[in-house]
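3D, please:
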Amino acid sequence: VTLTNPISSDRVALRHSLLASVLEIAAANSRFADRIGGRLALFELGKIYLAAEDGVLPDEPARLAILLTGARQPEHWRAEGAGGVVDFYDLKGVLEALLEGLHVGEARFEPAAHPSWRPGHAARLLLGERQLGHLGELHPLVVEAFELRTRDPVFAAELDLDLLLAHMPESHRVEPVSVFPPVVEDLALVVPQELAAGDVAGALRRAAGPLLQQATLFDLYQGSQIPAGKKSLAYHLTFQAPDRTLTDRDVGRLRERILRSLEREIGAQLRQ
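Numbering: from 1, shown residues only. Take a look at the predicted model:
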């Protein structure tokens with residue numbers, strides 16, 4: 001979508017991605033990298049402009065862009081240099097926290113390819129079967145083109161804000177905190193190499209039902225003790241009932257049900 005009277009020769013077309021805007025802001029701020037400890041954490045909400053199939057005026061869908069680079073934590077007198085630099089999982093965590101805060105469910109991440117992101121370092125975010133957006137490490141050529149003054153990888157995401165808000169419920173039921181103690185079990189599973197950890201966690205939740213409050217991946221192992229083409233994923237499983245204290249027998253039955261279901265659904269085996 002081009003302008004009849006652009007304000008400058010490099011502003012002839014309306015933006016079709018919010019990434020360009022947030023990258024320009026990041027580039028301007030990167031000139032002061034020494035003052036801010038080389039750390040940038042930015043987001044922008046705005047519209048993009050796409051040529052409409054019919055009519056004179058363009059479509060104006062809303063987008064959300066997020067950018068992270070540099071130190072994981074701001075400089076602090078007690079922890080100089082601690083925490084390292086941000087990586088893909090910091091950005092993924094930001095998006096997971098956003099989805100949880102908006103009570104948007106059915107989201108999943110899967111590997112993807114996109115020309116703006118570094119090959120092998122990108123993913124797409126899905127809501128059901130619809131694509132919410134892309135995220136990952138920006139391609140070095142993109143970082144160079146926007147003249148970001150940083151030696152650290154730059155991570156960014158762009159989401160379809162209209163789709164995100166459409167999946168946000170109008171109300172959310174708050175459940176009371178259970179007064180009964182939780183039971184934490186560790187479960188190590190041998191699964192096919194190509195199977196995503198998120199798919200395993202989803203299968204765990206479906207098999208366990210409402211008594212499973214949390215499934216946290218804490219270990220990934222690949223080595224001589226695991227068959228070729230397999231990997232071991234270990235999870236902390238937190239079980240809790242709202243109306244009673246779970247017994248060892250209750251948890252044992254849940255464990256057996258989970259293992260039978262995972263073997264049938266994803267071919268998982270208990271790691272011995």
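
now the helices for the stretch 51-200 of the chain?
Per DSSP state H, counting those that start in this stretch, the stretch 51-200 of the chain has helices spanning 88-101, 140-145, 161-166, 197-208. These are given in chain order.

what does the first one contact?
What that stands for is helix 88-101. Applying C-beta atoms under 8 Å, 6 or more residues apart in numbering, the contact partners of helix 88-101 are 66, 68, 72, 105, 107, 109, 121, 123, 125, 135-137, 155-157, 159. All C-beta spots, glycine's among them, are computed from the backbone N, C-alpha and C.

just to revisit the earlier point, will you turn the helices of the stretch 51-200 of the chain into JSON lines that also has mean neighbour count and mean pLDDT?
Compiled in JSON lines, these are given as follows (neighbours: other C-beta atoms under 10 Å; pLDDT from 0 to 100):
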{"stretch": "helix 88-101", "mean neighbour count": "15", "mean pLDDT": "95"}
{"stretch": "helix 140-145", "mean neighbour count": "14", "mean pLDDT": "92"}
{"stretch": "helix 161-166", "mean neighbour count": "15", "mean pLDDT": "95"}
{"stretch": "helix 197-208", "mean neighbour count": "17", "mean pLDDT": "89"}
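
of all those helices, which lies closest to residue 24?
Between residue 24 and the helices of the stretch 51-200 of the chain, the shortest gap by C-beta to C-beta is with helix 140-145, which sits at 11.0 Å.

show me where pLDDT drops low in the stretch 51-200 of the chain?
Under the criterion pLDDT under 70, the flagged ranges of the stretch 51-200 of the chain are 77-83.

run the last query once more with 80
Low-confidence regions of the stretch 51-200 of the chain, defined by pLDDT under 80, span residues 55, 73-83.

sorry, back to before: need the helices of the stretch 51-200 of the chain in JSON lines (columns: distance to residue 251).
Supplementary listing: the helices of the stretch 51-200 of the chain in JSON lines, determined by distance: least, C-beta to C-beta, whole Å:
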{"stretch": "helix 88-101", "distance to residue 251": "26"}
{"stretch": "helix 140-145", "distance to residue 251": "49"}
{"stretch": "helix 161-166", "distance to residue 251": "37"}
{"stretch": "helix 197-208", "distance to residue 251": "10"}
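
nearest to residue 180, of the ones you listed?
Per C-beta to C-beta, nearest to residue 180 of those: helix 197-208, 16.8 Å.

what's that closest one in contact with?
Outside helix 197-208, the residues that reach it (C-beta under 8 Å, 6+ apart) are 108-110, 187, 189, 191, 212, 215, 217, 220, 233, 235, 237, 239, 254, 257-258, 261-262, 265-266, 268.

circling back to that earlier point, just the buried members of the contacts of helix 88-101?
When the contacts of helix 88-101 are checked for burial by 16 or more other C-beta atoms under 10 Å, the buried set is 66, 68, 107, 109, 121, 123, 125, 135-137, 155-157, 159.

how close does the most centrally placed residue in the chain sit to residue 196?
Closest to where the C-alpha atoms of the chain average out (C-alpha atoms, centre = their mean) is residue 92, at 2.8 Å. Between residue 92 and residue 196 the distance is 13 Å, computed by C-beta to C-beta, to the nearest Å.

over to residue 146?
Taking C-beta to C-beta as the criterion, residue 146 is separated from residue 196 by 31 Å.

what does residue 118 give?
Summarising the geometry, the distance separating residue 118 from residue 196, computed by C-beta to C-beta, is 19 Å.
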